[in-house]
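[1] would you be able to build a 3D model of this:
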Amino acid sequence: MSTVTIYHNPKCGTSRNTLAMIRNSGVEPEVIEYLKTPPSRETLVSLIAATGQPVINAVRSKETLFTELNLGAPGVTDDQLIDAMLAHPILINRPIVVTPRGTRLCRPSEAVLDILPQPQQGAFTKEDGEVVIDAKGQRA
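    Okay, here's the model as predicted:
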C-alpha cells in the first residue's frame, strides 16, 4: 500500500472532499491536522517547493489575518510569508497532499486525482452535490 499524507483542516470543505477522494481510492492516508500539529519550517519549505508553486500560493490570501499582517504588500519576501504561516498556521492554504506521484495543493479538491497512486473505486460526489467520479470510477 502506498503512503499518502494529507495536511488537513476538518473545518474546510475542500479539505474534507480531498480526504474523501483519497479514501475512495482505497487508501487510508496519514492525516495531519496542521492547525493542531503545525509543520516545521523545514517541512513547510519542502512541501511548498515540492508543489512547484510560488510561496504566495501556499498562503490563504482570503484569511483576515493576511490583510491584517499586510502580507500582500509589495516587497514581502517568501521568508516573511513562511514566517507568518509558521506563526499563524491558519494562513497555510490547504489541503496539501503528498503521494509517491507528487505533492499538490489540492485546490480544487479534484487536483488530488492526478497524484493518487490508485484509481477511484466508485462514484464520488462532493459535499456541494457536484459529481466528480461516476459509478465506473471515471472522472465525470
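
[2] tell me the centre residue of this protein?
    By CA atoms, centre = their mean, the chain has its centre lying nearest to Pro95, at 1.8 Å.

[3] that one against Lys11, yeah?
    No. Applying CB atoms under 8 Å, one finds Pro95 not in contact with Lys11, separated by 11.7 Å. Every C-beta, even on glycine, is put in place using the N, C-alpha and C of the backbone.

[4] re the thing from before, show me what contacts the residue nearest to the centre of the chain?
    6-9, 12, 14-15, 18-19, 105-106, 109, 112 (CB atoms under 8 Å, 6 or more residues apart in numbering).

[5] and what of Val112?
    Thr18, Met21, Ile22, Pro95, Val97, Arg104, Cys106.

[6] distance-wise, check Arg16 relative to Pro108.
    13 Å (CB to CB, to the nearest Å).

[7] do Glu68 as well
    For Glu68, the distance to Pro108 (CB to CB) stands at 27 Å.

[8] comparing these two, which residue is more hemmed in?
    Pro108 (12 against 9; other CB atoms under 10 Å).

[9] on the pLDDT front, check that one for me.
    Looking at Pro108, its pLDDT stands at 96.

[10] now do the one 10 residues further on
    For Gln118, the model assigns a pLDDT of 93.
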